[in-house]
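Q: 3D, please:
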Amino acid sequence: MARDFPPFPDDIPTHPLLIVDYEKVKNRDQDEIEKLWEAATKLGFWYLRNHGCSEEADRMFDLGADVMALPLSEKMKYEQGNDGASAGYKAAGANAVDATGEPDLVEFLNVSKDDVLAWPRPGKRSYPKPATDRMDSTIIPFFRKCMEVNAVLLGVFEEKLGLPSGTLARRHLDDEPSGSEARITCTPPMKDTERVAIGGHTDFGSLTVLFNRLGGLQVLPPGSDHWQYVKPLAGHAICNVGDALTIFSGGILRSNLHRVLPPPGSQANSQRWSLAYFTRPGNSVLLQPLMDESSMISNAVNTVGETHGLVTGGQTAGEWFARRIKNQRLDNRKASRYSPSYRWDLIAWAGP
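A: You can find the predicted model right below:
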């Protein structure tokens, strides 16, 4: 895949993100840890440099280009379907971007952590040949690097939240089935740069590591009603907190609204590629604030008298994740008993 892209426009306002050095965090540099904590508790987004994943991400982008170049009929053999499963291929227009049912613009391939760790044994589902051919050389190394990065970040948050050692790790065990996955997304060149490609949402899981080369990602800062672009920086990943970690922390860690538009300026003439790794809790993990294990979390919940809509009624991560995936699918929305005016589930922590 070509790696030369038009520059991000200088005249487009952007929202600044703190830059966190992963190697310094890993080596327990306290100033860097405080910077990470500030980012995770205020906006919930930050740049991550020195993450060590660049070469693996480049190979994943090349793999994604080969997959998306396949005939649609071939890609549809691996379609994720409408039953709440996420792994597999999703064609452009299969999901809604808002409550009106406006279709999305992106196609993507999701690869499940469970299938990757089971390889070469059969997993939950099969994948297009370019993916299976490069499972050992490309996919597994990328997964291992991202899993390591997110495990280090979770360890920092666990300590800062006053949780006993291993509390968050036990909710994200590698060998427990979960919704953790990698996603390679392709958005076609768009003349209408105001058309929403992926609707406003908060991420389902605990932590996301995102690699992209073009603009398009926007965040809605707390207290603002104006979406702002996040400028991609060469060699930097963009990380963010997801809903599950917000729930576990009683709202201390922030899962922030974001969306994707076509790239701005001259970048709109290029295909937009992005690559994300989503760390999500094990399917059997209950989604609830960890009040009994941290006085900080207990105080945060009790201070406001409620949990910001974060209590999910004792749902497991697997149940909640499947429902959220189902509610994105246009086919399910057409068959839903809800009208288009019901609360749009992509931006709700708990949902209906």
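
Q: show me where the stretch 151-300 of the chain has its strands.
A: Applying DSSP state E, counting those that start in this stretch to the stretch 151-300 of the chain gives strands spanning 181-187, 198-201, 207-212, 217-219, 228-229, 237-241, 258-260, 272-279.

Q: between those, which gets nearest to Asn299?
A: strand 237-241 (19.5 Å; CB to CB). Placement of C-beta: from N, CA and C, glycine included.

Q: from one end of stretch 261-271 to the other, what's the distance?
A: Chord length of stretch 261-271, first to last residue, is 12 Å (CA to CA, to the nearest Å).

Q: what does it contact?
A: Defining contact as CB atoms under 8 Å, 6 or more residues apart in numbering, one finds that stretch 261-271 is touched by 5-9, 11-12, 105, 186-197, 214-216, 218, 229, 272.

Q: mind checking which of these are buried?
A: Neighbour-count burial (16 or more other CB atoms under 10 Å) is assigned, among those, to 5, 8-9, 105, 186-187, 190, 196-197, 214-216, 218, 229, 272.

Q: show me what the top helix by length along the chain is in contact with.
A: For the chain, the longest helix by residue count, based on DSSP state H, is helix 140-160. For helix 140-160, the surrounding residues in contact (CB under 8 Å, 6+ apart) are 22, 25-26, 33, 36-37, 40, 48, 51-53, 56-57, 59-60, 113, 116-117, 119, 165-169, 172, 174, 180, 182, 206-207, 209, 239, 245, 249, 253, 277, 279.

Q: got the CA positions of it in CSV?
A: Taking C-alpha atoms only, helix 140-160 is exported to CSV below (Å, rounded to 0.1, in the frame of the first residue of the first chain):
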residue,chain,number,x,y,z
ILE,A,140,-0.3,-12.6,15.3
PRO,A,141,2.7,-10.2,15.7
PHE,A,142,0.3,-7.2,15.5
PHE,A,143,-2.0,-8.7,18.1
ARG,A,144,0.8,-9.6,20.5
LYS,A,145,2.2,-6.0,20.4
CYS,A,146,-1.2,-4.3,20.9
MET,A,147,-2.1,-6.8,23.7
GLU,A,148,1.1,-5.9,25.5
VAL,A,149,0.6,-2.2,25.1
ASN,A,150,-3.0,-2.3,26.5
ALA,A,151,-2.0,-4.6,29.3
VAL,A,152,0.6,-2.1,30.5
LEU,A,153,-1.9,0.8,30.3
LEU,A,154,-4.5,-1.2,32.2
GLY,A,155,-2.0,-1.9,34.9
VAL,A,156,-1.4,1.8,35.3
PHE,A,157,-5.1,2.5,35.5
GLU,A,158,-5.6,-0.3,38.0
GLU,A,159,-2.9,1.2,40.3
LYS,A,160,-4.2,4.7,40.0
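
Q: report the angle between that helix and strand 207-212.
A: 130 degrees (axes from the mean of the first three to the mean of the last three CA atoms, to 10 degrees).

Q: what's the angle from helix 140-160 to strand 237-241?
A: 50 degrees.

Q: how about helix 140-160: buried residues?
A: 141-143, 145-147, 149-150, 153-160.

Q: for the most centrally placed residue in the chain, give the beta-bridge partners.
A: Nearest to the geometric centre of the chain sits Thr208, at 4.3 Å (CA atoms, centre = their mean). Residues in a beta bridge with Thr208, per DSSP bridges, are Asn240, Phe278.
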